[in-house]
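Colleague: the following comprises the amino acid sequence and a computationally predicted model.
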Amino acid sequence: MTKKFRPKCVQFDRQMAFTSTGFVVPCCWIDSPGGRKDATLKQFYQKDMHIDNFDSVDDIIDSPLYKDWFDMLVNKPELAPNYCKHFCSTTSLDKHPTKTSLSTEQVDFDRVIVAKWGEKYNSWHVNNLKFMLDNYSGIKYNNFVVFEKDTFGNMYNKLEIFNDYKDGTNLYLDLDMVIYDKLPNLVRKDFTLMYDWWREEHHTPLNSSMVSWTGDISHIYKKFVDNKEYYLKKYPTSIDEFYYHEIEYKTFDKVCYSIKEHEYDKEPMKGFGLCTFGQMQHLLEDGWSGWWSKYLNS
Ligand code: SF4
């Protein structure tokens, strides 16, 4: 498979970085031991490029070093450091792998819902999930909902979704899921979530990174709010433990796997189209790469 170099600082909106030692470098990947050692990139760390020698960041970007740098990336990208080629190359001819065409047999969800509150996830994560859903999953849906209510200040916020959406077919997805291939029919009548088949059972075998239901399941929300203090004390760290012990549920078959212990795989696991990055969501951030990189929205 051929690799194509696409410098993200030029073709996309990757931002410059300001190092703790007082240098402005082309992006945060350069702010690393590898970047400082590279014959070309180490020029950004020369004494005369220190911010003390400039009046503004604009002056730094106007410097000959930066002008030459961007000129090279635009006009002679083949001269870019290998260090950059490592981070900014994709393995597909186009930016992304082959997209899944929508099948007319595919069932629809009335809603696909994601939740975003606090600072853990931002609009990139939302756009990225929607991008993967639209391009690889084959799922058709009527509405994409970003749920942002932060009533409880913790993961129990998710329960309010059940109280707000009491009709139709619904699919909830955590923002740290990576969708990379067509998904099976995920529509379920009853409250259905995943089970962690990939690990030893701890306090709960359940995983609510993906939940499907039809119609009104607000009884789950009501049960929690009616005795909120009790449940928060009993299951302080895991909403899945609350589901496991207090709620009737069904589980999906093996429709997803976990990136844990697969972070160095060259390709995603065959037979799935979905991988959870739960507790390893940092792998989706800038500076990390792996098989999943080519599926993400830039
Ligand atoms: S790795 Fe190099 S080419 Fe890629 S965004 Fe950073 S500076 Fe630009």
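Modeller: Noted; the coordinates are in hand. All values reported here derive from a predicted model rather than from experimental measurement.
Colleague: now the strands for this protein?
Modeller: Ranges of strands in the chain, per DSSP state E, are 4-5, 17-18, 24-25, 89-90, 108-115, 140-147, 169-173, 177-179, 192-195, 206-214, 250-251, 257-258, 274-276.
Colleague: and the last one, what does it pack onto?
Modeller: Where contact means 3 or more C-beta pairs under 8 Å, 6 or more residues apart in numbering; DSSP states H and E, strand 274-276 is packed against strand 177-179, strand 206-214, strand 257-258. All C-beta spots, glycine's among them, are computed from the backbone N, C-alpha and C.
Colleague: kindly report the same for the first one.
Modeller: Helices and strands touching strand 4-5, by 3+ C-beta pairs under 8 Å, 6+ apart, are strand 89-90.
Colleague: got it, and the fifth one?
Modeller: The criterion is 3+ C-beta pairs under 8 Å, 6+ apart, and the helices and strands that strand 108-115 contacts are helix 123-132, strand 140-147, strand 169-173.
Colleague: out of these, flag the one nearest Ser20.
Modeller: For the helices and strands packed on strand 108-115, proximity to Ser20 was assessed by C-beta to C-beta; helix 123-132 is nearest, at 23.9 Å.
Colleague: let me know the average pLDDT across stretch 259-275.
Modeller: The average pLDDT within stretch 259-275 is 93.
Colleague: just the terminal-to-terminal distance for that stretch.
Modeller: End-to-end span of stretch 259-275 (C-alpha to C-alpha, to the nearest Å): 6 Å.
Colleague: which residues touch it?
Modeller: 136-137, 177-184, 198-199, 210, 254-258, 276-277, 279-280, 283, 290-292 (C-beta atoms under 8 Å, 6 or more residues apart in numbering).
Colleague: now do the buried residues in that stretch.
Modeller: Residues of stretch 259-275 classed as buried: 259, 262, 268-269, 272-275 (neighbour count, 16 or more other C-beta atoms under 10 Å).
Colleague: now stretch 274-286
Modeller: Under the neighbour-count criterion of 16+ other C-beta under 10 Å, stretch 274-286 has 274-278, 281, 283-284 buried.
Colleague: low-confidence bits of the stretch 51-200 of the chain, can you list those?
Modeller: Along the stretch 51-200 of the chain, the parts satisfying pLDDT under 70 run over 90-107.
Colleague: please list the residues of it that sit near the ligand.
Modeller: Within the stretch 51-200 of the chain, the positions near the ligand by C-beta under 6 Å from any ligand atom are 84, 87-88.
Colleague: give me whichever of the helices and strands packed on strand 274-276 is most buried.
Modeller: strand 177-179 (a mean of 24; mean count of other C-beta atoms under 10 Å).
Colleague: give me every residue that touches Met155.
Modeller: By C-beta under 8 Å, 6+ apart, the contact set of Met155 is 238-239.
Colleague: let's see 10 Å
Modeller: 115, 117, 174, 208, 237-240, 242 (C-beta atoms under 10 Å, 6 or more residues apart in numbering).
Colleague: before we move on, back to that, I'd like the strands of the chain as CSV, with distance to Tyr156 appended.
Modeller: CSV is the format used below for the strands of the chain (distance: least, C-beta to C-beta, whole Å):
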stretch, distance to Tyr156
strand 4-5, 44
strand 17-18, 36
strand 24-25, 41
strand 89-90, 39
strand 108-115, 11
strand 140-147, 13
strand 169-173, 14
strand 177-179, 20
strand 192-195, 15
strand 206-214, 11
strand 250-251, 20
strand 257-258, 23
strand 274-276, 20
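Colleague: what's the pLDDT at the residue lying closest to Trp69 once chain neighbours are set aside?
Modeller: Nearest-residue entry for Trp69: Pro26, 6.6 Å, with adjacent residues in sequence omitted and distances by C-beta to C-beta, 6 or more residues apart in numbering. Looking at Pro26, its pLDDT reads 92.
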